[in-house]
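Trainee: sequence first, predicted coordinates after that:
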Amino acid sequence: MPDSATLKTILTALPGGYLLLDTQLQIQLVSPRFELLLQCPPLAVGQPLPPGVLPPAVQQQLQQTPQNWSLQHFHHGLLLDWLLTPLPHGLLLSVREDRQAFRTLVENSPDIISRYDTKLVCLYVNSALASHSPLPPLYHIGLGIDDRGLPLSMSDAMHHAARQVLSSGQPYTFETEISRPERHLVFEARLLPESNEDGEIQSLLCIERDITEQHANRLWQADENRLLEMLANDRPLPEVMDWTCRMMDSQIGGAMSSIMQLLPDGQHLRLAAGPGLPEDYKALIDGIAIGEGVGSCGTAAERSQAVIVSDIHSDPLWAPYREQVRPFALRACWSHPILAHDGQLLGTFATYFAEPRQPDPHTLNIIQRTSHLMAIAIQQEQRASQLFQLATQDALTGLINRRHFMELAGKAFHDARQQGKPLSLLMLDLDHFKAVNDRFGHEAGDDVLTHFARLLSDGLRNSDLVCRMGGEEFAALLIGASEEEAHIAAQRVCKAVASCSMASNGNTIEVTVSVGLCSLDGTVLTLGDMIRQADKALYQAKHDGRNRVCVASTD
Ligand SMILES: Nc1nc2c(ncn2[C@@H]2O[C@H](COP(=O)(O)OP(=O)(O)OP(=O)(O)O)[C@@H](O)[C@H]2O)c(=O)[nH]1
């Protein structure tokens, strides 16, 4: 056995890296190339191997019963061939770079792999560059980073990264973005130092990965979370829709998004949001009919399926509207139906572009997800408004109920007193209503109540509050009406009721109504006072013979 100095000289001359361990796995000898290939700090003879120097798979094999084995493993960007040879008094671990296999891998890698000298002159670039550069990979070799026709942001980033790597000796990772007319690309680049046996950096290896899709997904996820948060916080639907359109416009370069909602007639769509669209165009599409051939949205709503029109000028679905749309310079419109969980149509989500355009899979995916979230938002609002109606409306007549009336009337009373504006309250009660029920039945009585509610609402202003207090008793708060005006209105209602024959189940029913009126003046201090006084006047009207209006007396 040669002495260790001789052995080291022999091993240093060989192309691989070598590590000689004793039976206790303490280092007996290490060749400089071993440290270089592993990119580890100098290893001390007579010590155990520090943890983390060997790749875990190799370390694991080393712990097993000594026997010959070989292993191939990637380490710091190098494909390494490992070989373990048991010796009478220890182990010999040898490692060498598999250059041929490495080159094959590099050439076929989807990542762009390039090598530079320390001045960033390109020494090598693999064929993956061809899919991102109009110039062949060979063209780049021998050129400096500023002479290769790269976008300025990219060459600047490379200069910065090279300075970092050369000064620290450590790999440096950074992101670069390239804007192309048809697509915005994002790359993650890693620049690694390549050193000689003396530890001097000779060249730089760069691995660039197209992370456009991951990047877009990351951005989308953040916005999607924000949208979910808005839904969870019950933000008003118009705010949610407006925000969603703006968000999609920024997610999809050049997009102008819009949301249309199904109108109650089930036949038309109303424009609910479209902050990026021209105002005149919005007016043009508001209220369009649903149907085959009615542009992208009308057709998507009709089919309950996505309709991708990549060029409005040539697509037959837009033929009837082509001339109307021409001044707005809109060329592509992709529309996605917004469907409830049971498949019912709720509206459409559309994305317009100024140029002819086809969606990519990522964009289609986020449009689909947005449409789904809009379905949730619309249904959430529908449920909330149903609940509100249940809580505030009288089920028989559709008028507001007593509780909601007291809330709204309290506010109106407060405002009128503060602003010194007139306000009048009518309390109304159908005359001999018990007799209607007794003679024609309860159902006919219900019909009369519904009919009367309509007469009352129609006879007053839209701004007045009309309420069914309970049974056959109603109230109306006439906002801004003086006693005189309210008296005229009350008499008009009385007359309308008395002169109207109500039909129910083949019967003609005639009823009259008595009304008590109280207007805001110095003696009325609270809404309660007002109701009490109007009630008293109503009692007076009943007492005086019904079918009349009585005004509350101030004494
Ligand atoms: N059909 C129907 N009847 C109702 C409803 N709510 C209350 N009523 C009836 O309305 C009638 C009210 O009768 P009364 O309070 O005696 O008064 P009236 O017969 O209208 O007589 P005056 O008010 O004195 O003119 C009762 O028979 C109630 O059952 C309802 O929702 N539907």
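Mentor: Yes, it's here.
Trainee: starting at the chain centroid, how far to the helix or strand where Leu166 lies?
Mentor: Assigned by DSSP states H and E, Leu166 belongs to helix 152-168. Relative to the mean C-alpha coordinate of its chain, helix 152-168 is positioned 36 Å out (C-alpha atoms, centre = their mean, to the nearest Å).
Trainee: so which elements touch that helix?
Mentor: strand 172-179, strand 184-195, strand 201-210 (3 or more C-beta pairs under 8 Å, 6 or more residues apart in numbering; DSSP states H and E). C-beta coordinates here come from the backbone N, C-alpha and C atoms, glycine included.
Trainee: how much space between the spatially most central residue of the chain and the ligand?
Mentor: For the chain, Glu224 is the residue whose C-alpha lies nearest the centre (C-alpha atoms, centre = their mean; 3.5 Å). As judged by C-beta to the nearest ligand atom, to the nearest Å, Glu224 and the ligand stand 49 Å apart.
Trainee: so the residue of the stretch 151-300 of the chain found nearest the ligand: helix, strand or coil?
Mentor: Using C-beta to the nearest ligand atom, Pro264 is the residue of the stretch 151-300 of the chain that sits closest to the ligand, at 27.1 Å. When classified by DSSP: H, G, I helix; E, B strand; the rest coil, Pro264 comes out as coil.
Trainee: tell me the pLDDT at it?
Mentor: pLDDT recorded at Pro264 is 95.
Trainee: residue contacts, it?
Mentor: Going by C-beta atoms under 8 Å, 6 or more residues apart in numbering, Pro264 touches no other residue.
Trainee: what separation do you get for the residue nearest to the residue nearest to the centre of the chain when sequence neighbours are not counted and the ligand?
Mentor: Nearest-residue entry for Glu224: Arg369, 6.8 Å, with adjacent residues in sequence omitted and distances by C-beta to C-beta, 6 or more residues apart in numbering. As judged by C-beta to the nearest ligand atom, Arg369 and the ligand stand 48 Å apart.
Trainee: related to what we said a few turns ago, in this structure the residue nearest to the centre of the chain contacts Ile376, no?
Mentor: No. With contact defined as C-beta atoms under 8 Å, Glu224 does not reach Ile376; the gap is 12.0 Å.
Trainee: for the chain, which residue gets nearest to the ligand?
Mentor: Gly445 (2.5 Å).
Trainee: flag every buried residue along the helix or strand hosting that residue.
Mentor: Gly445 is part of helix 442-459 when elements are defined by DSSP H and E. By 16 or more other C-beta atoms under 10 Å, the buried positions in helix 442-459 come out as 444-445, 447-453, 455-457, 459.
Trainee: got those residues as a markdown table, with pLDDT columns?
Mentor: As requested, the buried residues of helix 442-459 are arranged in a markdown table below (pLDDT from 0 to 100):
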| residue | pLDDT |
| --- | --- |
| Ala444 | 95 |
| Gly445 | 95 |
| Asp447 | 95 |
| Val448 | 96 |
| Leu449 | 97 |
| Thr450 | 96 |
| His451 | 95 |
| Phe452 | 97 |
| Ala453 | 97 |
| Leu455 | 95 |
| Leu456 | 97 |
| Ser457 | 96 |
| Gly459 | 92 |
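Trainee: farthest pair within the residues you listed?
Mentor: Greatest spacing in the buried residues of helix 442-459, by C-beta to C-beta: Ala444 and Gly459 (22.2 Å).
Trainee: tally of neighbours for Leu339?
Mentor: 19 (other C-beta atoms under 10 Å).
Trainee: ok, now which ones touch the closest residue to Gly293 other than its chain neighbours?
Mentor: Excluding the flanking residues, the one nearest Gly293 by C-beta to C-beta, 6+ apart is Leu317, at 5.6 Å. Leu317 is in contact with Gly293, Val294, Gly295, Ser296, Thr299, Val307, Val309, counting by C-beta under 8 Å, 6+ apart.
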